[in-house]
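>>> Dropping a prediction and its sequence here:
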Amino acid sequence: MSDYKSDLLKDLKSSRYASKYLSAAYADSAEAFLVALRDVADAQKGMTKLAAESGVNRENLYRMLSEDGNPRLDSLRAVLDAMGLRIKVEPISPLAGIER
């Protein structure tokens with residue numbers, strides 16, 4: 001494993017760092033978010049333990065957290081819950097949704 005990858009996995013053990021990493025990946029693309037979520041899963045729990053705790057089949061978890069993954073919302077929520085994370089929705093701009 002490269003030094004970059006091992007350093008990244010070490011940093012991702014921190015929930016605070018992981019949440020910033022995931023937020024940045026989500027801002028980039030859905031594919032980047034799923035790959036980043038897989039990195040966090042590897043760093044914090046490992047795929048086997050995460051599959052057991054989230055109730056998602058391990059093979060489906062690998063497929064779900066790939067660039068081509070397309071997880072169901074309930075599966076994604078189960079995985080995030082098992083990692084102690086949640087999605088936060090906020091307006092893109094301070095004025096979004098305000099009628100004039």
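Arrived safely, thanks for sending. Residues are numbered from 1 along each chain as shown.

>>> how near is the residue nearest to Ser15 when sequence neighbours are not counted to Ser14?
Spatial nearest neighbour of Ser15, excluding adjacent residues (C-beta to C-beta, 6 or more residues apart in numbering): Gly84 at 6.2 Å. (Glycine included, C-beta is placed from N, CA and C.) As judged by C-beta to C-beta, to the nearest Å, Gly84 and Ser14 stand 12 Å apart.

>>> residue contacts, Leu85?
Each residue near Leu85 by C-beta atoms under 8 Å, 6 or more residues apart in numbering is listed here: Ser15, Ala18, Ser19, Leu22, Val40.

>>> Now name the helix or strand holding the last one.
Spelled out, it's Val40. Here Val40 is covered by helix 30-44, with elements defined by DSSP states H and E.

>>> Measure how buried the nearest residue to Pro71 once chain neighbours are set aside is and give me the count.
Spatial nearest neighbour of Pro71, chain neighbours left out: Met64 (4.2 Å); criterion: C-beta to C-beta, 6+ apart. When neighbours are counted by other C-beta atoms under 10 Å, Met64 registers 20.
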